[in-house]
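Enquirer: Need coordinates for the following:
(2 chains)
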Amino acid sequence: MNLEKVIFGFFIVLAATLNFGFFVGDIDNPAHHDIYELFAAIVVSLIATVLKFGDRTQIGAVHLSTSLVADLQLIAAAMVWGYAAHVSPDGVTPEMVARVVSLSGGALFANVVSVVILIAETIMQRR
Amino acid sequence: MRRLRAPLILLISILSISVLGLTLAPGVDADGNRTHLSFFHALYFMSYTATTIGFGEIPDAFTDQQRLWVTFCIYLSVVGWAYTVGTVFTLLADRSLQQALRTQSFLRAVQRLREPFLLVCGYGETGRLLCAGLDHLGYRAVVVERDEVKVGEIELHSYRADVPALAADARNPEILKFAGLDHPNCIGVVALTDDDSANLAIAIAARLLAPKIPALCRAEVPEVAANMASFGTRHIINPFEKFAEYLALALHAPAAWQLLIWLTGLPGSTVEQQRDPPKGEWIVCGHGRFGQMLVHAMERESVPLTIIDRLPPDDLTHRWVQGDGTGASALEQARVRHAAGIVAATGNDVDNLSIAVTARELNPNLFVILRQNHYANHALFEAYDSDVDVVPSKIIAHECLAILTTPLLVPFLEAVKRRGEAWCEKWLTTLTGRFGWQVPAVWSERIDLSGAPALHRLLLDDTLALLGQLLRSPSNRDDLLGCVALYLYRKDGEHLLMPPTDTEIRAGDEILFVGTPDARSELTLTLSHEHVLGYVLTGCEQPGGWVWEKLARRKQAIAARGADRTGHGCAPR
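Expert: Numbers count the residues shown, from 1 in each chain, chains lettered A, B, ... in the order given. Okay, the predicted model is just below:
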């Protein structure tokens, strides 16, 4: 029972689940997408990225890259939301919400790939 | 990167907790309504608070609940930032990272070298002298030295070109490969470390990995030298043996010795005219490696000797005085008042100086040869003004420079050693009369397509070229060039010492010259530039360019069609 592997797996799956939770719902209905969940998804995704640092294998490098993609998409989503809420004259319209959610959808895809790689890594090391 | 994990995760969690708390803490806006800070404003506030910039409370003044939370956040986040930044800096200053980066940049510097360079292993006094000499002559060097302090000193010495240097053990063949042992531009390896076994390891590596380039190795222990010779190291330099040879030469042919010193000095230095070592009784103080070599050399010249040493005698053929040469009593016992010369050959500089001073007091006309172990003491030795200073590092550096820069010099010097005293005397006076006592430029020219293209082409057309015809100034044919040909080596093995001016030059010859640096560049011009060569040989200016050549040919054809003349026309090639 390897504590490091438990923590590693925990954060990767948590990032994927939070992201999925945020994504689920009508794409343009702001009531279906909670900002706190987006916040949590970003934080956990960043932590998961940092945990993937320093792995010198090929598969570790690909794993890190998927995490970076997910971070990028989620932060972009947050920035769009911030722009809509504070800078744009129309405020948070369904159109803007749709943009935010579609970006988070992209991050979800990257997170799913990350989970698949995690599973593959685990199966390769059948112990 | 792994070490950054903990600080980064800490930073992310602290920041996220603070931001979350700020969005949840109840605030009051200007009208008194309950609001909450948005994520955007919360993040903005935390950014400038954590980095201790501190603008102010936005967008409205905080309520007490918010301020309570912010207080907690300040202590948490500032500490987190400081810890992260500190870790990043420690990581950058990490020694192993620095070493890895330095090795990488050294590798790249060596790979980028496009000029011929020498690999110098060991940067002690000898290495430093050698690099200074190479730099003066315009050669590049790459240095591998174990001591980091000495490697750091390289940047302080002012060299004309960059000297890539690495602080690593040169015994490791991987390090030698990094330093360019198998680089196409490496023209030689010089092993100058103070450890003979390391030099042996470098010699073997050079022999196996780069057999075509010359390897020069310093060896002070005869067994190691024999070992090196057994697998074909081309040049093994034992400074003591070299000096003993020179001393033997000086004892029976002083002019030859002066000539050798003049030709092989460090470029740019001036050779002082010295007293010739006299024949008579000699005293050798110190029977170490150097002392033993000297004893053998002097025996060959049948010079009567007395040896002074602290240890009991292990050489029964010579008179042995057991004692300390620094004291007058041992010297008196060795009959210093009747001796012609003394050699202070111990391994301690202070002892050597003391021996010399004491001996000169007892016998003011003594010829003193001093061994100087550390170049750093040269101020003392220069002040004392002995007749000859034996500085092993200088001897090795001279040898290396001679072998590396002018390979033809070695057979020439061997030939000179075999000539008589009168011959050497005559040539010494002639050459120093012409060039002075400053060490001249010594170089060799090879008459082939790459070394002397114009002359080579001319010779292939069956034109006769004599040595004297070539050694003229390109600006005025009647002036002689300031250089003399010392040695001519033909492809078929024939060799001439001091070839006379009517010697014929053939394609493939290699000639050793001595002279001024200006003469060297002028000679190079003559040998490679067709029109200059034509002027120097015939005195006629060649027409330059295709158009003028056609016109000149037409003019010649017209002249030839006319009356038959015996004029010496300057025919275009």
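Enquirer: mind showing which ranges of the chain have poor pLDDT?
Expert: Defaulting to chain A. Chain A contains residues with pLDDT under 70 at A:126-127.
Enquirer: My question was about chain B, not that one.
Expert: Counting by pLDDT under 70, chain B shows low-confidence ranges at B:1, B:266-268, B:273, B:315, B:542-545, B:562-573.
Enquirer: And the residue nearest the centre of it?
Expert: By Cα atoms, centre = their mean, chain B has its centre lying nearest to B:Cys131, at 2.5 Å.
Enquirer: Next, give phi and psi for the residue of chain A found nearest chain B.
Expert: Distances between chain A and chain B by Cβ to the nearest Cβ are smallest at A:Gly54, namely 3.4 Å. For every residue, glycine as well, the C-beta is placed using N, CA and C. A:Gly54 adopts backbone torsions of phi 80, psi 10, taken as degrees, to the nearest 10.
Enquirer: Next, count neighbours for the residue nearest to it when sequence neighbours are not counted.
Expert: Sequence neighbours aside, B:Arg2 is the residue nearest to A:Gly54 in space, at 3.4 Å (criterion: Cβ to Cβ, 6 or more residues apart in numbering or on different chains). B:Arg2 is flanked by 9 other residues according to other Cβ atoms under 10 Å in any protein chain shown.
Enquirer: Can you verify my assumption that B:Arg2 contacts A:Lys52?
Expert: No - if you go by Cβ atoms under 8 Å, B:Arg2 and A:Lys52 don't touch, sitting 10.6 Å apart.
Enquirer: So B:Ser96 lies in a helix, does it not?
Expert: Yes - under DSSP: H, G, I helix; E, B strand; the rest coil, B:Ser96 sits within a helix.
Enquirer: Quick one: neighbours of it, just the number.
Expert: By the criterion of other Cβ under 10 Å, B:Ser96 has 7 neighbours.
Enquirer: ok, it to chain A distance?
Expert: Distance from B:Ser96 to chain A, counting by Cβ to the nearest Cβ, to the nearest Å: 15 Å.
Enquirer: how far away is that residue from B:Tyr83?
Expert: 22 Å (Cβ to Cβ, to the nearest Å).
Enquirer: picking up where we left off before, which helix or which strand is home to the residue nearest to the centre of chain B?
Expert: Assigned by DSSP states H and E, B:Cys131 belongs to helix B:125-137.
Enquirer: For chain A, what's the nearest residue on chain B?
Expert: B:Arg2 (3.4 Å).
Enquirer: so who does the closest residue to B:Thr233 other than its chain neighbours touch?
Expert: Using Cβ to Cβ, 6+ apart and skipping residues adjacent in sequence, the residue nearest B:Thr233 is B:Ala203, 4.7 Å away. By Cβ atoms under 8 Å, 6 or more residues apart in numbering or on different chains, B:Ala203 lies in contact with B:Ala191, B:Ala215, B:Cys217, B:Met228, B:Phe231, B:Thr233.
Enquirer: ranking these by neighbours, who comes first?
Expert: Taking other Cβ under 10 Å to define a neighbour, the member of the contacts of B:Ala203 with the most is B:Ala191, carrying 30 neighbours.
Enquirer: is it true that that residue touches B:Pro214?
Expert: No - when contacts are counted by Cβ under 8 Å, B:Ala191 is not listed as touching B:Pro214 (11.5 Å).
Enquirer: for B:Ala25, what are its contacts?
Expert: Counting by Cβ under 8 Å, 6+ apart, B:Ala25 touches B:His36, B:Leu37, B:Thr63, B:Gln65, B:Gln66, B:Leu68, B:Trp69.
Enquirer: Please tell me how far B:Ala255 sits from B:Thr432.
Expert: 11 Å.
Enquirer: which one of the two has more residues nearby?
Expert: For B:Ala255 versus B:Thr432, neighbours defined as other Cβ under 10 Å are more numerous around B:Ala255 (21 against 17).
Enquirer: quick one: that one is in a helix?
Expert: Yes - checked against three-state DSSP, B:Ala255 lies within a helix.
Enquirer: Report the separation between it and B:Tyr535.
Expert: 39 Å.
Enquirer: do B:Thr503 as well
Expert: Counting by Cβ to Cβ, the gap from B:Thr503 to B:Tyr535 is 21 Å.
Enquirer: Those two: which has the busier surroundings?
Expert: A count of neighbours by other Cβ under 10 Å puts B:Tyr535 above the other of B:Thr503 and B:Tyr535, at 20 against 16.
Enquirer: what's the closest non-adjacent residue to the more buried one?
Expert: Nearest one to B:Tyr535, counting by Cβ to Cβ, 6+ apart, is B:Glu541 at 6.1 Å.
Enquirer: The one you found - how many residues pack around it?
Expert: B:Glu541 has 10 nearby residues by other Cβ under 10 Å.
Enquirer: where does residue 34 fall, phi/psi-wise?
Expert: Picked chain A for this. The phi/psi pair for A:Asp34 (degrees, to the nearest 10) reads phi -90, psi 130.
Enquirer: sorry, should have said chain B
Expert: phi -80, psi 130.
Enquirer: Who are the contact partners of it?
Expert: By Cβ under 8 Å, 6+ apart, B:Arg34 lies in contact with B:Pro26, B:Gly27, B:Val28.
Enquirer: Just put those in a markdown table and tack on distance to B:Glu332, neighbour count and secondary structure.
Expert: Compiled in a markdown table, the contacts of B:Arg34 are given as follows (distance: Cβ to Cβ, whole Å; neighbours: other Cβ atoms under 10 Å in any protein chain shown; DSSP: H, G, I helix; E, B strand; the rest coil):
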| residue | distance to B:Glu332 | neighbour count | secondary structure |
| --- | --- | --- | --- |
| B:Pro26 | 107 | 12 | coil |
| B:Gly27 | 105 | 20 | strand |
| B:Val28 | 109 | 15 | strand |
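Enquirer: what's around B:His495, how many residues?
Expert: 15.
Enquirer: now do A:Ser88
Expert: 13.
Enquirer: separation between it and B:Leu533?
Expert: Between A:Ser88 and B:Leu533 the distance is 83 Å, computed by Cβ to Cβ.
Enquirer: before we move on, what about B:Arg112?
Expert: 36 Å.
Enquirer: how about the residues of chain A near chain B?
Expert: Neighbours of chain B within chain A, by Cβ under 8 Å from any Cβ of the partner chain: A:35-36, A:39, A:43, A:46-47, A:50-51, A:53-54, A:78, A:81-82, A:85-86.
Enquirer: now with 6 Å?
Expert: Contacts of chain A with chain B, taken as Cβ under 6 Å from any Cβ of the partner chain, map to A:Val43, A:Leu46, A:Ile47, A:Val50, A:Phe53, A:Gly54, A:Gly82, A:His86.
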